[in-house]
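*Asks:* with the sequence up front, the predicted model follows.
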Amino acid sequence: MKQYALLAGMLMSAGVNAMDVPDFLDVNDVKDAEFKCLTAPAKYSKADQKYVDILWKETLTYLEAYAKALTNGEQSHCLNSDEAIFDTTEDGGKKMCIMDRRDMKIMVKNIYQVINNPDKAKQCFSAREDVNWIYSPGGELEKNSPVAKWLKRTTFNEFFDKKVTNKDVRKIGKEFTKNFAKMVTGDEIQMPSAFPYDISANALPNLWAAAGWFPMYGEESKRNDKNFNNIRGGYAYAEIFGHWGLLRIDEINGEKVGAEVGMTAQSVDTLYPYHNHAIAEIYYNMRKPACASEFKSFAIREDSPLLKTVKEDDKMRRVQFDAGQQNEHTMWLAGSAEQDPLLYFHQNTIHAFEVDGSCEAKPEQKAIVSVWARSNAHDKRNDYGTTLLCESAAKPGTPAHRGEVIQCDLTKTKW
């Protein structure tokens, strides 16, 4: 107990509230942790530092709630763990205690190490004002954030005007931009019960406005031949903690950090296409649906007997799945902030998200909003988290639709 009191006192003197180190973590791994940053510490003037400090404080608030949610067993059948869906192809979905996964334990430990050593961790934090490929949503979010107004990031509007050549995608992106603030704020945004407090844009306006968002499918690429225009213009994510985010840590106590933590927004009336990656990923749904089946997810493990291998070499395995089989509709699981909010996708899990806007009064103003993370993105042998879109088996190179045989290339991961 004296160790906890000493640690808390040190942090209070630094102006930051320490998290209690739970007994499932070794306090010696957490206190006085040593950090190696990915880059040299950023330097700011006194006038600019006050904005960076606001962003840092909201980042710590976000991360603390996230770690507590993942290890909250009060609403589940787990010990020190929330419960996650990891495969939807069986009735009701397959569930597990998410903290049974070693990658999750390491990610949570890393968050505790950051929260309890804020001054050291802050050396790895910056506003990333020099990065030209992350953007501000603009509009009301930026207007209500002094940090976002200080940063003056290129806005979504400018991105879709200057970087997007497909006219349909540009039009959809402009509509997405126009309604983005309404999508991520308001009464319909709700934290899952595992969270100790609100970390949405309603509560952390600067972080959501200024984190730096990326409409990752907007620009032209070969990958987007397999994508849908409404997703290309209607999806974006932001990374807070991770190699591409605001808090960029290479190592803690000599161990590589693989966590990528942030948030996503996907507009309604869209199908985020079937896809996979060699890095594990999780989502917490933080939106109340307008109807029970508005938000549906599909997930199938790489070793499922429902997958048929059609090609294989030393780097990848090409598989097919019949998305037109008679019971395919039962393989999609409805979820929301109130029901099965947490999803965990093992490496190479094929997954997709469908949002039905037919029950929304103003569908153009709505989206599914999630807290998102990848856990072991430091493992560069295994594609560093590259998202691989599946395709139509009958028409390779084109999007994979529900109701047909789909084809996906799975990375052969290294142990």
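*Replies:* Everything's here; your move.

*Asks:* could you check how far the nearest residue to residue 223 once chain neighbours are set aside is from residue 191?
*Replies:* Closest residue in space to residue 223, ignoring its immediate chain neighbours: residue 389 at 5.8 Å, by Cβ to Cβ, 6 or more residues apart in numbering. For glycine as for every other residue, the C-beta is placed from the backbone atoms N, C-alpha and C. As judged by Cβ to Cβ, to the nearest Å, residue 389 and residue 191 stand 30 Å apart.

*Asks:* what segments of the stretch 51-200 of the chain are helices?
*Replies:* Using DSSP state H, counting those that start in this stretch, the helices assigned to the stretch 51-200 of the chain run over residues 102-115, 118-122, 139-143, 146-151, 156-162, 167-184.

*Asks:* single out the most deeply packed of those helices.
*Replies:* Comparing the helices of the stretch 51-200 of the chain by mean neighbour count (mean count of other Cβ atoms under 10 Å), helix 102-115 ranks first with a mean of 23.

*Asks:* quick one: which of the helices of the stretch 51-200 of the chain is nearest residue 336?
*Replies:* Counting by Cβ to Cβ, residue 336 lies closest to helix 167-184 out of the helices of the stretch 51-200 of the chain; the figure is 15.1 Å.

*Asks:* pLDDT on that closest one, on average?
*Replies:* Helix 167-184 shows a mean pLDDT of 98.

*Asks:* who are the packing partners of that helix?
*Replies:* Counting contacts by 3 or more Cβ pairs under 8 Å, 6 or more residues apart in numbering; DSSP states H and E, helix 167-184 is packed against helix 139-143, helix 156-162, helix 229-233, strand 260-267, strand 367-374.

*Asks:* closest to residue 64 out of those?
*Replies:* strand 260-267 (11.6 Å).

*Asks:* from memory residue 39 sits against residue 249, does it?
*Replies:* No - using Cβ atoms under 8 Å as the test, residue 39 is too far from residue 249 to be in contact (10.3 Å).

*Asks:* neighbour count: those two, which is higher?
*Replies:* residue 249 (25 against 9; other Cβ atoms under 10 Å).

*Asks:* what's across from the more buried one in the sheet?
*Replies:* Beta-bridge pairing for residue 249 (DSSP bridges): residue 37.

*Asks:* checking residue 28 next. Helix, strand or coil?
*Replies:* Recorded secondary structure, residue 28: helix (DSSP: H, G, I helix; E, B strand; the rest coil).

*Asks:* for residue 258, see how far away it is.
*Replies:* To residue 258, residue 28 is 22 Å away according to Cβ to Cβ.

*Asks:* the residue nearest to the spatial centre of the chain bridge partners, please.
*Replies:* Nearest to the geometric centre of the chain sits residue 372, at 2.0 Å (Cα atoms, centre = their mean). When assigned by DSSP bridges, residue 372 has beta-bridge partners residue 262, residue 283.

*Asks:* so who does it touch?
*Replies:* 237, 261, 262, 263, 264, 281, 282, 283, 284 (Cβ atoms under 8 Å, 6 or more residues apart in numbering).

*Asks:* can you count the residues close to residue 398?
*Replies:* 12.

*Asks:* secondary structure element for it, which one?
*Replies:* For residue 398, there is no enclosing helix or strand under DSSP states H and E.

*Asks:* wait, it sits on residue 404?
*Replies:* No - in this structure residue 398 lies outside contact range of residue 404 using Cβ under 8 Å: 10.2 Å.

*Asks:* need the overlap of contacts for these two.
*Replies:* residue 392.

*Asks:* picking up where we left off before, dump the helices and strands packed on helix 167-184 into a markdown table; add mean pLDDT as well.
*Replies:* Below are the helices and strands packed on helix 167-184 laid out as a markdown table (pLDDT from 0 to 100):
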| stretch | mean pLDDT |
| --- | --- |
| helix 139-143 | 97 |
| helix 156-162 | 97 |
| helix 229-233 | 98 |
| strand 260-267 | 98 |
| strand 367-374 | 97 |
